[in-house]
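> here is a sequence with its predicted model. Questions after.
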Amino acid sequence: MKSDLFHKTLKVSGVLLRVLCFAVISTEASGQTGTGAGYSPDSGAAVTEASAVNLQEALAAALANYPELAMYRHKTEIAELRRKKAYQTYLPKASLEARYTFLNETIGITLPDIQFEPVPGLIIAPDLPDVQLQSDRYFRASLQVEQVLLTGGEVLYAARAAEQGRIATVHQAEAAKTALIVEVTEAWDRVALIQQSVQVVSDGLARMDFEQERALKAWEEGLIPYYDLTQLRLFRQQLTDQLTELEGALQLTHEQLSLLTGLPVSRFAAVSPSSDAAALLFGEDEELFDSNAEVWQLRPEWQALNASVQAGEELVKARRGAYLPTAYAFFHRELYENDLSLLDPVWAAGAGLRWNIFNRGHTTRELQMAQQQLSISREQRNLAADGLQLQLQQAMIERNVAQRRYETAHEMVAEAEVMLGLAVRRYELGLGDAGERLQAETDYQQAQLRREQAAYALSRARMKVQKASGQLHAAPFLSSSASSNFN
């Protein structure tokens, strides 16, 4: 009976420890960005203080080096160039035209045959040659300057649409930064969870080593059977295997942080983050929504959708303005005057009105496409509103549940520690067997691991609230040069 109990104890302990390792590794492999918060920036051993990186440095490096953010910087610059291009329509346009022409014949005057009789009987008919006025080859050059005066609002609204597009891109970039912050802090939280789990298992190994020494002496003196000694050795070997798995998961998490931030893995090998210092970097979220129920509208995703709708509205106005005429001023100057084919004056200046009455329906189609795109943007915004509200409510519920689980886990650790002390004492007095002692050890380790998992879940839940409420910002971690690229 005791043997069955012992084997069940070993099985339960091994399964739970494997579940912990599997959760850690699978969370990393899935790449999900949970809801954690930051940690104390002054962590790390004193020996490696110069080389270890803190969370603030890791976030700053990720925001500066991550390729996706560089892509958004280029998109923002393109949107700004579109806005400038629209306003440049009002700049004067100058064109210089030059051409060298070959004619089929020279330009000249053929005089008619003239006959006159100065005296009766004397007729004079002189043979007059043709008069060449210009060669059959000539050069002509002219300068044309045109200044747009009025476009019916097309340029103004197109520039406004480009500006709203730039704002939407900036908010999209901010959303990408937020997602990156969540991913980096999740990996940082995972390091804390794994390190604390390693500490729990290491403490268990230390206790097993102590118990194994005492059990060996007791067996040599014939106080316990060899079976009890074997049980302790098997349990210790199982803990060693779990410790190896945790160390492998920790190394993988360091590699993920290195990929996210662009920093070498050695910078993360020396860090020791704390899982209960989340509020130090990102702040608490208590009573965040009591005063403002629409706080989810602060999220960059929502602001990007709003800017997209406004850009669509301005674009529709610009397409309608294309139906109106364009007023312009012009100046024309002939730079080479020795050209008999020149019918225009040497120079001319004035104002004109250009109106495309029919351009094969292109203006109408452009307007229809702009209207359809505006409808799509509005539908996307309406759809996102429900989703963002639901995410906020879900984040608040998960945060409250995680807080209660964290408090309960602390209480369970205290109770399991008391039970472990009683079991050790009973085993020393001969009132309990090895199975009872190992069961108490297993319960205590499970309680400690559940406490660390609860701390990890609470940290992620707080971060999820920060993101869902629009309170998570990348500005504090950006350098001045990187920040200016998005403003």
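Noted; the coordinates are in hand.
> for the helix or strand containing His74, name the packing helices and strands.
For His74, the host element (DSSP states H and E) is helix 67-87. Other helices and strands packing on helix 67-87, by 3 or more Cβ pairs under 8 Å, 6 or more residues apart in numbering; DSSP states H and E, are helix 154-220. To be clear about C-beta, it is placed using only N, CA and C from the backbone, and glycine gets the same treatment.
> what angle do the helix it packs on and helix 67-87 make?
170 degrees (axes from the mean of the first three to the mean of the last three Cα atoms, to 10 degrees).
> what helices or strands is helix 154-220 leaning on?
Using 3+ Cβ pairs under 8 Å, 6+ apart: helix 154-220 touches helix 2-30, helix 55-65, helix 67-87, helix 226-261, helix 300-321, helix 434-468.
> columns mean neighbour count and distance to Ala385 on top of those helices, output as CSV?
CSV is the format used below for the helices and strands packed on helix 154-220 (neighbours: other Cβ atoms under 10 Å; distance: least, Cβ to Cβ, whole Å):
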stretch, mean neighbour count, distance to Ala385
helix 2-30, 16, 28
helix 55-65, 20, 28
helix 67-87, 15, 24
helix 226-261, 18, 31
helix 300-321, 21, 7
helix 434-468, 24, 13
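> Leu96 is nearest to which of the ones you listed?
Across those, Leu96 has its closest neighbour in helix 67-87 (22.5 Å, Cβ to Cβ).
> just want the most central residue of this structure.
Ala176 (1.7 Å; Cα atoms, centre = their mean).
> in contact with it, which residues?
Applying Cβ atoms under 8 Å, 6 or more residues apart in numbering, we find Ala176 in contact with Glu68, Leu69, Tyr72.
> from Tyr66, how far out is it?
Ala176 sits 8 Å away from Tyr66, going by Cβ to Cβ, to the nearest Å.
> which regions of the chain sit below the pLDDT cut-off?
1-51, 223-224, 274-293, 337-345, 434, 474-487 (pLDDT under 70).
> list the neighbouring strands of the top strand by length along the chain plus their orientation.
Assignment by DSSP state E gives strand 137-150 as the longest strand of the chain. Strand pairing for strand 137-150, using DSSP bridges, gives strand 93-102 (antiparallel), strand 326-334 (antiparallel).
> among these, which is the most enclosed?
strand 326-334 (a mean of 16; mean count of other Cβ atoms under 10 Å).
> now the element after that strand, going C-ward?
With secondary structure assigned by DSSP H and E, strand 326-334 is succeeded by strand 347-354.
> got the angle for the helix or strand that that next one is followed by vs helix 154-220?
Counting by DSSP H and E, the next helix or strand C-terminal to strand 347-354 is helix 362-429. Helix 362-429 and helix 154-220 meet at an angle of 10 degrees, taking the same axes, to 10 degrees as the criterion.
> so which elements touch helix 362-429?
Short answer (3+ Cβ pairs under 8 Å, 6+ apart): helix 362-429 packs on helix 300-321, helix 434-468.
> I'd like to know how many residues surround Cys187.
Small correction: residue 187 is Ala, not Cys. If you count neighbours by other Cβ atoms under 10 Å, Ala187 ends up with 27.
> contacts only, for it.
Glu28, Thr253, Gln256, Leu257, Leu260.
> next one: it from Tyr66, what distance?
In terms of Cβ to Cβ, Ala187 sits 13 Å off from Tyr66.
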